[in-house]
Structure formats: C-alpha cells, structure tokens
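*Asks:* The following comprises the amino acid sequence and a computationally predicted model.
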Amino acid sequence: MTPLFGHGHLRLYLLSLLDESPKHGYELIQALSDRFGGTYSPSAGTIYPRLAKLEEEGLVTKTADGRKTVYSITDAGRAEVESRRGELDEIEAQLSDSVRRIADEVRSGVNEAMKSLKADLASAAREARVAAKESARSARSAGASGAGWSETRGSDASGFPSRAESAEALRSADVALTDFRQSMRLDLRRASARSLDPAIVDRLKLRLDEVRAEFRDELKPR
C-alpha cells in the first residue's frame with residue numbers, strides 16, 4: 001500500500017493541526033482521517049509517541065481534561081510551523097497524490113475480489129449444470145434397462161440432479177462463498193486499520209446485490 005507521510009512529515013503535520021486548536025489524541029486521529037477522506041487513520045501507537053517527542057522538544061504541552069489529555073502547541077511550536085510553512089504546502093500537495101493512489105489501490109482490490117467471486121459462482125453453476133446433464137443421461141439409461149430412479153446417483157425422469165448431487169453443489173457453493181468472505185474480511189480489516197472509505201463499502205454492497213440478482217435468475221426452476 002502506498003505510504004502516506006514521508007519521513008518526519010507526520011510530526012510536522014501534527015504540529016500544524018495543533019496550531020489550529022488544542023486537541024486530544026483521538027481528535028488528532030479523527031482530524032487526519034477526515035482530512036484525507038478516510039484513506040488514512042493512524043493508530044494510537046503512531047500518534048502518541050510523536051506527541052511525547054514533541055512535548056520533550058518543548059513544542060507542545062499537555063493538560064488533563066477529565067480522563068482525556070489535551071495537547072496544545074507552544075510558542076516554539078508555532079514558530080516551527082511558521083518557519084516550515086512552505087514545506088507544509090508541499091506535504092499537502094504530496095498527500096493529495098498519495099490519497100488518490102491509495103483510493104485507486106483499494107478500489108482495484110475490491111474489483112478483483114468481485115471478479116473472483118463471480119468466477120467462483122459461475123464455476124459452481126456450470127458444474128451443477130454439467131452434473132444435471134450427466135444425471136439426466138444416467139436416468140434415461142436406467143429407464144431403458146428398467147433400473148428406475150436412484151436417490152444417490154442418478155436423476156429423476158425430468159432430468160433434475162439427485163439429492164446427493166444437489167447437496168454436493170450446495171457444499172461447493174458454500175466453500176466458495178466462505179473463502180470469499182474470509183478473504184474479503186481480511187482485505188477490509190487491513191483497509192480499516194488505515195480508515196475504510198464508506199463509499200468503497202457502498203460499492204461493494206452494490207456489486208454483491210448485482211451478483212445475487214444475477215444468480216437468483218440462474219437458480220430459478222427451469
């Protein structure tokens with residue numbers, strides 16, 4: 001995944017956020033997430049050590065507000081922000097490009113997952129149709145020899161798959177759907193660690209609805 005901040009840039013950016021107003025740690029995390037459209041949300045383990053370092057350097061101070069710790073920029077911190085204003089402008093421009101690349105990467109991952117799901121479902125449907133045809137041939141052969149209908153290996157006279165074949169097709173579909181769900185959950189959790197864009201989830205829901213509608217037609221009795 002494309003890195004968002006270059007070396008030392010997050011530290012400077014935190015100072016610029018505190019220059020706007022005092023904030024506690026969660027507010028800084030939320031401000032970063034909101035500023036970049038949900039494509040980046042740093043962990044507490046990323047933010048608090050940098051705040052502690054800024055405090056050591058005399059650039060921020062902290063005060064207790066109930067159970068929260070509020071961080072405020074000092075005069076020395078404001079002086080650093082002002083002296084590096086040009087660098088901050090460059091960081092903003094670089095961040096815009098990085099955010100676009102991250103969004104493209106996440107979107108590509110979702111699209112690839114949807115293609116894989118469609119392929120798995122199409123394969124399962126194709127296998128079920130092949131099994132149905134083979135069962136129909138078996139049923140015709142059995143009828144010609146007086147064998148009758150077999151619950152475990154053939155089809156009935158109408159050519160429908162046997163119960164065992166239907167159960168196997170259902171099992172195969174369950175495996176494909178479970179694999180997709182686990183893989184997709186992992187990808188989404190990884191994206192959520194940075195901040196998951198709700199618009200991406202909306203597109204995922206839309207694509208899943210489309211796939212479900214398509215295969216509902218496939219599953220209607222013929």
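*Replies:* Cool, the structure landed.
*Asks:* Could you pull up phi and psi at residue 59?
*Replies:* Torsion angles at residue 59 (phi, psi; degrees, to the nearest 10) stand at phi -90, psi -20.
*Asks:* Surely it and residue 72 touch.
*Replies:* No. Between residue 59 and residue 72 no contact is recorded; they are 10.4 Å apart, counting by Cβ atoms under 8 Å. Using the backbone N, CA and C atoms, a C-beta is placed for each residue, glycine as well.
*Asks:* and these two? which has more neighbours close in?
*Replies:* For the pair residue 59 and residue 72, the greater number of neighbours falls to residue 59 (22 against 14), based on other Cβ atoms under 10 Å.
*Asks:* how about the more buried one, what does it touch?
*Replies:* 15, 73, 74, 76, 77, 80 (Cβ atoms under 8 Å, 6 or more residues apart in numbering).
*Asks:* Mark which of those residues are buried, thanks.
*Replies:* Neighbour counting by 16 or more other Cβ atoms under 10 Å classes 15, 73, 74, 77, 80 among the contacts of residue 59 as buried.
*Asks:* ok, so of these, who is nearest residue 165?
*Replies:* residue 15 (66.6 Å; Cβ to Cβ).
*Asks:* So the closest one sits against residue 79, correct?
*Replies:* No. Using Cβ under 8 Å, residue 15 makes no contact with residue 79, being 10.3 Å away.
*Asks:* Pipe the contacts of residue 59 into TSV and attach pLDDT, secondary structure and distance to residue 88 per row.
*Replies:* Shown next, in TSV, are these (pLDDT from 0 to 100; DSSP: H, G, I helix; E, B strand; the rest coil; distance: Cβ to Cβ, whole Å):
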residue	pLDDT	secondary structure	distance to residue 88
15	93	helix	9
73	96	strand	14
74	96	coil	18
76	96	helix	17
77	94	helix	13
80	93	helix	10
